Structure formats: C-alpha cells, structure tokens
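>>> model the following, please.
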Amino acid sequence: MKERTLGEMQKKIESITRLMQHVFSEQQRLTEMTVGTLELLKLMPDYEKALENLKEKNLEEIKKNKEDVKSQVGEG
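Alright, predicted model coming up:
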C-alpha cells in the first residue's frame, strides 16, 4: 500500500476513535442523568402507587398484544 493511503487510513481511524470516545462519554452522561431522574422520582409522593398503576397498565397491554397476535395467527 502507498504511504499516502496508509496515512489517510490512520487519520480516519483516529477520527473514528475520537468519535467513539465521545459516544461513550455521552452514553455515560445519559446513564447518570437517567439514574438521577429515577432516584428523584422515587422521592415523589405516591411513587409506589404510580408504579403499581404502570405495572397494571403494562400487564394489560401485554395481554392485549398476545390476544392481537393470536387473532392474527388464527386469520393466517
């Protein structure tokens, strides 16, 4: 390979490396924000009640989706 091509490839690799480091940093920041937000929500009044309501809604949605799949499979 030509020296010029190798130099271009090296620059591209360095650029991708910097980009991935930025992505990892951003992911870590978002994770920390998410955990902080969750901890804040846990301190809110009626957190447990709201959590139970979400669980019930989620179970209802899962049941509905299963029924939809069964009806679609039955049609096919």
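>>> where in the protein is pLDDT low?
Along the chain, the parts satisfying pLDDT under 70 run over 75-76.
>>> in it, which spans are helices?
Counting by DSSP state H, one finds helices in the chain at the ranges 3-42, 47-75.
>>> turn those into JSON lines, including mean neighbour count.
Using the backbone N, CA and C atoms, a C-beta is placed for each residue, glycine as well. Below are these laid out as JSON lines (neighbours: other C-beta atoms under 10 Å):
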{"stretch": "helix 3-42", "mean neighbour count": "10"}
{"stretch": "helix 47-75", "mean neighbour count": "10"}
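>>> what residues does stretch 33-44 touch?
For stretch 33-44, the external contacting residues (C-beta atoms under 8 Å, 6 or more residues apart in numbering) are 47, 50.
>>> then that stretch to CSV, C-alphas only?
Extracted in CSV, the C-alpha atoms of stretch 33-44 (Å, rounded to 0.1, in the frame of the first residue of the first chain):
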residue,chain,number,x,y,z
MET,A,33,-28.9,11.5,34.3
THR,A,34,-31.4,8.6,34.0
VAL,A,35,-30.3,7.2,37.3
GLY,A,36,-30.6,10.6,38.9
THR,A,37,-34.1,11.2,37.5
LEU,A,38,-35.2,7.8,38.7
GLU,A,39,-33.9,8.5,42.2
LEU,A,40,-35.7,11.8,42.2
LEU,A,41,-39.0,10.2,41.1
LYS,A,42,-38.7,7.7,43.9
LEU,A,43,-38.8,10.6,46.4
MET,A,44,-42.0,11.9,44.9
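>>> for residue 23, see how far away residue 70 is.
Computed as C-beta to C-beta, to the nearest Å, the residue 70 to residue 23 distance reads 41 Å.
>>> ok, now how distant is residue 46 from residue 53?
For residue 46, the distance to residue 53 (C-beta to C-beta) stands at 9 Å.
>>> cool, and residue 12?
To residue 53, residue 12 is 51 Å away according to C-beta to C-beta.
>>> now swap in residue 26 and tell me
Distance, residue 26 to residue 53, using C-beta to C-beta: 32 Å.
>>> now residue 40
As for residue 40, its distance to residue 53 is 19 Å (criterion: C-beta to C-beta).
>>> and what of residue 66?
Using C-beta to C-beta, residue 66 is found at 21 Å from residue 53.
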